[in-house]
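> Please find the sequence and the predicted model below.
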Amino acid sequence: MDAYVRVRGLTKTFAVRRGLAQVMRGEHPVVHAVRSVDFDIAPGETVGLLGESGCGKTTTGRLLLKLLEPSAGSIAIGGRELAGLAGTELMAFRRDAQFVFQNPFDALNPRLSIANSLSEPLVNAGIPKAEHLDRMKVVLERVRIRGTDLLERYPHEMSGGQLQRIVLARALVLEPRFVVADEPVSMLDVSVRAGILNLMRELQDTLGLTAIYISHDLALVRYVARRTMVMYLGSLVEDGPTEDVIREPLHPYTRALIAAVPQPRVDQSRAPLPLRPGTADARKVGAGCAFVNRCPVAIAACTAERPPLIDLPGGRRVACHLVQAPRAAVAAEPVLS
Amino acid sequence: MTLLSVRNLAVDYATKGGTLHAVSRGTLEVGAGEVVGLVGESGCGKTTLARALTGVVPRNATFKGGEVVFEGKDLLAGPPAAWKDLLWRRISFVPQSSMNALDPVYRVGTQMEEVLRLRGGLGREAARNRTAELFGLVGLDAKRSVEYPHQFSGGMRQRAAIAMALALEPSLVIADEPVTALDVIVQRQVLDTLRDLQSRLGVSVLLVTHDISVVAYVCDRVVVMYAGEVVESGKVGDVLAAPRHPYTMGLTNAFPDLERAGGTLAPIMGAPPDLRSPPTGCRFAERCPFAVARCRSESPPLTVAADGHASACWRSDEAAALAETARDPATWTPTSASAA
């Protein structure tokens, strides 16, 4: 089947504030938020995009919805090439692709009633006013909000869990085919989180949505996504079925990340993390692997050359010099300096 | 030995909408050299309770009763000045966001020296040396003490806040969500540092968090709060493995963990009560799948069992059976909740 989302060489750089010396030398330093990322997502597939703050996961999400323009590379969604999309084609894309925001307390205009918040996208999409109420009813039912009395209320009158349902409803009211959810439960209390997560799982199945679920929390990603991509400082370092990635992480960064997650039980491992002391700084990534300064198993090649993301059996991919492709002949001769 | 013993502490806030009873049963103990976790959801009063223990409360807050016995003295009964005098020296506080702990316009080292000189009475030179020592203690490079907070990463700022809390060798450190804003790896490293320092220095820690996994990782005992009341407390292993309050039971299967494969999560339906007019009876009854008539009319007291495991539930005798039922997600769906 053709991929619904096709991303090739996606790169986004942001300009960094220059120091005097750099201005004098005419330099324009940049930081790579996203660095030559390739992936496909099949129609109806939900993929978790996992990483720490500053790894480029949110930037990737924004690029996919054309809320940001890439510095290089291409994105095609549902057969539409995003670059140069304009006019009615852009409008159609905006209907098909929606963003679910992180903080439900900020995502809704406090001065609009819920009805107005929900109808805004309908107005923007040119849906006739007569259809609005019916569409809102359908979508409220989808997010398990009973009755329509909530429509007259304002965000401050509602709980976090209800608000996140409304944020979800707002994203779904135009019946999109593609959704990017950025940490949709991180602001919610534990007791209501599960409700939203269950709802997201259900909606993926019933609506056949293609979705990207952005999170720093592996346990949450596992709950909603069968496939996980791990990002580190702008690069995709690992990709594969979530269960396999958790059971047998291939990239040293993924291993450290999984080892760091505390478990809700007492007899857990307090073994030191498999990490060398060092910090993740996107501005200090050199020619080699972005993780080299913290990697406990780095070899000379890791500083010299960025490892490519190689395909492995079982739908897995990893970018690490220490993991060999099944047939070694595939790899080009490594050039060591 | 008990370092801190809090009994039935009550704290009210005066708000526009009336008096809000933020904490009405603050009951907990912290032993010497013990790490105690205080867990609960937003608005349950855990931060209010923890902050109140420093004696410094917001202007609209009032103590409505209870006692706070620290090192054998009831602080609430004594003069407020005596309580405030303990701050930094005997009791210190690590706030939720380390950005709040550090003044953005002063160098990190300068701020630490200020605490040492003003509260600790150290001289300039001694304060400088102690600052370098404290930086080393929490794993920061002493050379960076001349930098400003914005030059520090989140993890480094949190380390600096912990160093500052330890500066005057207090016997109790109260840490409010000290790792919540941090990434998993940094979170783990800060927790490891905290645990390591705690055991080396023998200081007691009251750790406020919403994350049960964090409690499981670093705490000896845990105190669970709901709607302003402590509803359960005990050894971490006991409370997690055999919870006695239905709220704790609900919490433990409301979020996913890495080891339990698949399965369905069960949310706790409904929302906590409005603390301006808390319900009579058990405050969790409205959301509890096991509530009986008595729960709605009479508030269950916090009862301590022989093993030190305390809970406030009329049905705590049946806790083992209820916990078993609670593991089934279907127990928490609205239909069965209303049927019970």
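Great, that's in hand.

> Tell me how the chain divides into domains.
Unless you meant another one, I'm taking chain A. Domain assignment for chain A by automatic domain parsing gives A:5-225, A:254-337.

> wrong one, I was asking about chain B
The record assigns chain B these domain ranges, following automatic domain parsing: B:100-169, B:255-339.

> Could you identify which of the domains of chain A is most buried?
When these are scored by mean count of other C-beta atoms under 10 Å in any protein chain shown, the highest mean neighbour count falls to domain A:5-225 (a mean of 18). In this view, the C-beta of every residue, glycine as well, is placed from N, C-alpha and C.

> Around chain B, which positions in the stretch 101-250 of chain A sit nearby?
A:159-161, A:189-195, A:197-198, A:216-220, A:222-223, A:243, A:246 (C-beta under 8 Å from any C-beta of the partner chain).

> cutoff 6 Å now
Taking C-beta under 6 Å from any C-beta of the partner chain as the criterion, the neighbours of chain B within the stretch 101-250 of chain A are A:159, A:189, A:190, A:191, A:192, A:194, A:195, A:197, A:219, A:223.

> So which of those residues belong to strands?
For these, not one is inside strands, with DSSP state E as the criterion.

> any chance of those residues in a markdown table, with pLDDT and distance to residue B:193 too?
Shown next, in a markdown table, are those (pLDDT from 0 to 100; distance: C-beta to C-beta, whole Å):
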| residue | pLDDT | distance to residue B:193 |
| --- | --- | --- |
| A:159 | 81 | 36 |
| A:189 | 80 | 27 |
| A:190 | 79 | 25 |
| A:191 | 79 | 30 |
| A:192 | 80 | 32 |
| A:194 | 84 | 32 |
| A:195 | 84 | 35 |
| A:197 | 88 | 32 |
| A:219 | 86 | 23 |
| A:223 | 89 | 30 |
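
> re earlier: among the domains of chain A, which gets the worst mean confidence?
For these, mean pLDDT drops lowest on domain A:254-337, to a mean of 82.

> right, is it up against chain B?
Yes. Contact of domain A:254-337 with chain B is found when judged by C-beta under 6 Å from any C-beta, involving A:260, A:261, A:262, A:263, A:264, A:265, A:266.

> in the stretch 201-337 of chain A, which spans are strands?
Counting by DSSP state E, counting those that start in this stretch, the stretch 201-337 of chain A forms strands over residues A:210-215, A:227-232, A:235-241, A:310-312, A:316-318, given from the N-terminal end onward.

> Format the ones you listed as a markdown table; extra columns: distance to residue B:302.
As requested, the strands of the stretch 201-337 of chain A are exported to a markdown table (distance: least, C-beta to C-beta, whole Å):
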| stretch | distance to residue B:302 |
| --- | --- |
| strand A:210-215 | 37 |
| strand A:227-232 | 43 |
| strand A:235-241 | 46 |
| strand A:310-312 | 55 |
| strand A:316-318 | 51 |
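
> Pretty sure residue B:229 sits against residue B:25.
Yes. Counting by C-beta atoms under 6 Å, residue B:229 does reach residue B:25; the two are 4.0 Å apart.

> outside of the lengthiest helix in chain A, which residues touch it?
Among the elements of type helix in chain A, defined by DSSP state H, the one spanning the most residues is helix A:190-207. Among residues not part of helix A:190-207, those counted as contacts by C-beta atoms under 6 Å, 6 or more residues apart in numbering or on different chains are A:46, A:161, A:164, A:185, A:211, A:223-224, B:251, B:254-255, B:265-268.

> And for stretch B:231-243?
Contacts of stretch B:231-243 with the rest of the structure, by C-beta under 6 Å, 6+ apart, involve A:266, B:216, B:219, B:221-224, B:244-245, B:247-249, B:309-312, B:323.

> Weed out the non-buried ones from the residues you listed.
In the contacts of stretch B:231-243, burial by neighbour count holds for A:266, B:216, B:219, B:221-224, B:244-245, B:247-249, B:309-312, B:323, counting by 16 or more other C-beta atoms under 10 Å in any protein chain shown.

> circling back: chain A: which of the domains of chain B is closest?
Comparing the domains of chain B by their distance to chain A (C-beta to the nearest C-beta), the top pick is domain B:255-339, with 3.6 Å.

> Distance from that closest one to the middle of the chain?
Offset of domain B:255-339 from its chain centre (C-alpha atoms, centre = their mean, to the nearest Å): 21 Å.

> Okay, and which of the contacts of stretch B:231-243 map to helices?
Within these, residues falling in helices by DSSP H are B:216, B:247, B:248, B:249, B:323.
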